[in-house]
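Asks: Quick one, what's the 3D model for this:
(3 chains)
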Amino acid sequence: MKSYREELWFNVSGRRAMINITPEVESGLRKSGIQDGFVLVNAMHITASVFINDNESGLHQDYDDWLEGLAPHAPIDRYRHNRTGEDNGDAHLKRQVMGREVVVAITNGRLDFGPWEQIFYGEFDGGRRKRVLLKIIGE
Amino acid sequence: MKSYREELWFNVSGRRAMINITPEVESGLRKSGIQDGFVLVNAMHITASVFINDNESGLHQDYDDWLEGLAPHAPIDRYRHNRTGEDNGDAHLKRQVMGREVVVAITNGRLDFGPWEQIFYGEFDGGRRKRVLLKIIGE
Amino acid sequence: MKSYREELWFNVSGRRAMINITPEVESGLRKSGIQDGFVLVNAMHITASVFINDNESGLHQDYDDWLEGLAPHAPIDRYRHNRTGEDNGDAHLKRQVMGREVVVAITNGRLDFGPWEQIFYGEFDGGRRKRVLLKIIGE
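Replies: Presented below is the predicted three-dimensional model:
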């Protein structure tokens, strides 16, 4: 069994963003030399997500509106978590809807994807440096 | 390390459905000959889910009602994504709640399941041929 | 490839709880002797979750309030599933939001975590013995 590990770093200037990280995952996969196995891509922070969906900006705005409806940012005192001095209670909830991680099959040295699958980093509490872990196991 | 890959094909005639795919996953596992490892089962399309829950039709109708409440199909102009000419904006949201994929342990050549666990394909935008990927790694 | 399997047992006295199981997962990892690979941690029951987030009690109460808003327990006749004699329809919905499983990378014999990541068992229908599966593959 071979394995490969890489961290991807992000520093989103606003509060929220969705960033296509498929090229970075593909680049890591090529560096790994692994032809067959699984890649795990996960947010290392608990107010961010990694998810797979469509690379379409209107949809990403739909996600943002929808998540804000399900777990509004303000008023910040609606979340007990914010009594700790944080203002990111909503981000911990939004991240659960979108998910922490994806596991993708690797076949013939490539991400084994359907026609529209792309991997995104979802930031829900930006303004600082945060990481995504890329870990590949296989042969 | 051994690996096995199979695609399952679906063509749901209506817009939405939940289909038990546990027998197909078990059949693939037997064909693989893998006794110990992980199986990844994921939707290859971004308006569908693979999830694990109970094989109970009343629950599936509860899921459908609940998802329609969280992300209504109509009016279709409520989603920016539908300005691209699609009418499936809601399906991209519903799929995030139910999830893209499951990873299941394989032990002694069988899905290592609790008493009620079954694997389902969740279709949220039917009417065309779509796929699920089954990928197994192990020994 | 090496593998390791362990079950964690829970018996939550109330209906709902969130329990930090990171120490038990780390203990299993040490027993496995695996230095590099993946660990899968999943609920074996379909009214419970395993998820990764912050070890902060205010946040856990926020999750509980939020999930109760998204999928209220009562009145129990709001769910078709409860016509089977159950009263846990809501628990099957809450579990989908929080997720069934997590996959965590193992690097140098440790959970490859960001600064605040911790693993939790989320119980949404307590009052009986239920299990979590810990399965590790790697080298």
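
Asks: any idea which helix or strand carries the residue most central in space within chain A?
Replies: With distances taken as C-alpha atoms, centre = their mean, the residue of chain A nearest its centroid is A:Val50 (2.0 Å). Using DSSP states H and E, the element containing A:Val50 is strand A:48-53.

Asks: Tell me which helix or strand A:Ser13 sits in.
Replies: A:Ser13 belongs to no helix or strand, assigned by DSSP H and E.

Asks: Grab the nearest non-local neighbour of it.
Replies: Nearest non-adjacent residue to A:Ser13, counting by C-beta to C-beta, 6 or more residues apart in numbering or on different chains: A:Gly126, 6.5 Å away. For every residue, glycine as well, the C-beta is placed using N, CA and C.

Asks: what does A:Arg129 give?
Replies: A:Asn11 (4.8 Å).

Asks: before we move on, the earlier item: okay, and the beta partners of the residue nearest to the centre of chain A?
Replies: Applying DSSP bridges to A:Val50 gives these bridge partners: A:Tyr121.

Asks: same check, this time on A:Gly37
Replies: Bridge pairing for A:Gly37 - DSSP bridges - gives A:Ile106, A:Gly138.

Asks: residues contacting it?
Replies: Neighbouring residues of A:Gly37 by C-beta atoms under 8 Å, 6 or more residues apart in numbering or on different chains: A:Lys2, A:Ile106, A:Ile136, A:Ile137, A:Gly138, A:Glu139, B:Met1, B:Ser3, B:Ile137.

Asks: Can you tell me the SS state at A:Val97?
Replies: Under DSSP: H, G, I helix; E, B strand; the rest coil, the three-state class of A:Val97 is helix.

Asks: quick one: it and B:Arg131, what's the gap?
Replies: 25 Å (C-beta to C-beta, to the nearest Å).

Asks: Those two: which is more packed in?
Replies: Neighbour count, other C-beta atoms under 10 Å in any protein chain shown: between A:Val97 and B:Arg131, A:Val97 has more, with 23 against 17.

Asks: From C:Val104, how far off is that one?
Replies: Taking C-beta to C-beta, one finds A:Val97 at 20 Å from C:Val104.

Asks: likewise A:Phe113?
Replies: Per C-beta to C-beta, A:Phe113 is found 23 Å from C:Val104.

Asks: do A:Ile21 as well
Replies: 19 Å.

Asks: More neighbours: these two, which one.
Replies: C:Val104 (27 against 20).

Asks: Which helix or strand contains that one?
Replies: Assigned by DSSP H and E, C:Val104 falls within strand C:101-107.

Asks: so what does that strand touch, helix or strand wise?
Replies: If you count contacts as 3 or more C-beta pairs under 8 Å, 6 or more residues apart in numbering or on different chains; DSSP states H and E, strand C:101-107 packs onto strand A:37-43, strand A:101-107, strand A:129-138, strand B:101-107, strand C:37-43, strand C:48-53.

Asks: Output it in PDB with nothing but the alpha carbons.
Replies: In PDB, the C-alpha atoms belonging to strand C:101-107 read as follows (Å, rounded to 0.1, in the frame of the first residue of the first chain):
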ATOM      1  CA  GLU C 101     -20.000   8.300   9.500                       C
ATOM      2  CA  VAL C 102     -16.600  10.000   9.400                       C
ATOM      3  CA  VAL C 103     -13.500   8.800   7.600                       C
ATOM      4  CA  VAL C 104     -10.300  10.100   9.300                       C
ATOM      5  CA  ALA C 105      -6.700   9.900   7.900                       C
ATOM      6  CA  ILE C 106      -4.100   8.200  10.000                       C
ATOM      7  CA  THR C 107      -0.600   9.500   9.700                       C
END
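
Asks: what's it in contact with?
Replies: With C-beta under 8 Å, 6+ apart, strand C:101-107 has contacts from A:5, A:40, A:42, A:100-101, A:103, A:133, A:135, B:102-103, C:25, C:29, C:34-43, C:50-52, C:111-113, C:119, C:136, C:138.

Asks: just the buried members of those?
Replies: Buried by 16 or more other C-beta atoms under 10 Å in any protein chain shown: A:5, A:40, A:42, A:100-101, A:103, A:133, A:135, B:102-103, C:25, C:29, C:34, C:36-43, C:50-52, C:111-113, C:119, C:136, C:138, out of the contacts of strand C:101-107.

Asks: Might you list the low-confidence residue ranges for chain A?
Replies: Counting by pLDDT under 70, chain A shows no low-confidence range.

Asks: Flag every residue of it that's near chain B.
Replies: Residues of chain A found near chain B (C-beta under 8 Å from any C-beta of the partner chain) are A:1, A:36-38, A:51-54, A:56, A:58-59, A:61-63, A:66, A:70, A:97-99, A:102-105, A:107, A:112-117, A:137-139.

Asks: now do 7 Å
Replies: A:1, A:36-38, A:51-54, A:56, A:58-59, A:61-62, A:66, A:97-99, A:102-103, A:105, A:107, A:112, A:114, A:116-117, A:138-139 (C-beta under 7 Å from any C-beta of the partner chain).

Asks: Spit out the contact partners of A:Lys135.
Replies: Shown in contact with A:Lys135 (C-beta atoms under 7 Å, 6 or more residues apart in numbering or on different chains): A:Arg5, A:Leu40, C:Ala105, C:Asp112.

Asks: Kindly apply the preceding question to A:Gln118 instead.
Replies: A:Asn20, A:Thr22, A:Ile52, A:Asn55 are the contacts of A:Gln118 under C-beta under 7 Å, 6+ apart.

Asks: now A:Arg5
Replies: Counting by C-beta under 7 Å, 6+ apart, A:Arg5 has contacts A:Lys135, C:Thr107.

Asks: Check for me that it belongs to a helix.
Replies: No. Under three-state DSSP, A:Arg5 falls outside any helix and is assigned strand.

Asks: Quick one: name the residues of chain A near chain C.
Replies: So far as C-beta under 7 Å from any C-beta goes, chain A lies against chain C at A:1, A:3, A:5, A:40, A:44-46, A:71, A:79-81, A:83-84, A:89, A:92-93, A:96-97, A:99-101, A:103, A:131, A:133, A:135, A:137.

Asks: Tell me how many other residues surround A:Trp66.
Replies: 21.

Asks: Helix or strand: which one has it?
Replies: Using DSSP H and E, A:Trp66 falls in helix A:57-70.

Asks: Make sure A:Phe51 is actually in contact with A:Met98.
Replies: Yes. Using C-beta atoms under 7 Å, A:Phe51 is in contact with A:Met98, at 4.9 Å.

Asks: shared neighbours of the two, anything?
Replies: With C-beta under 7 Å, 6+ apart, A:Phe51 and A:Met98 have common neighbours A:Gly122, B:Gln96.
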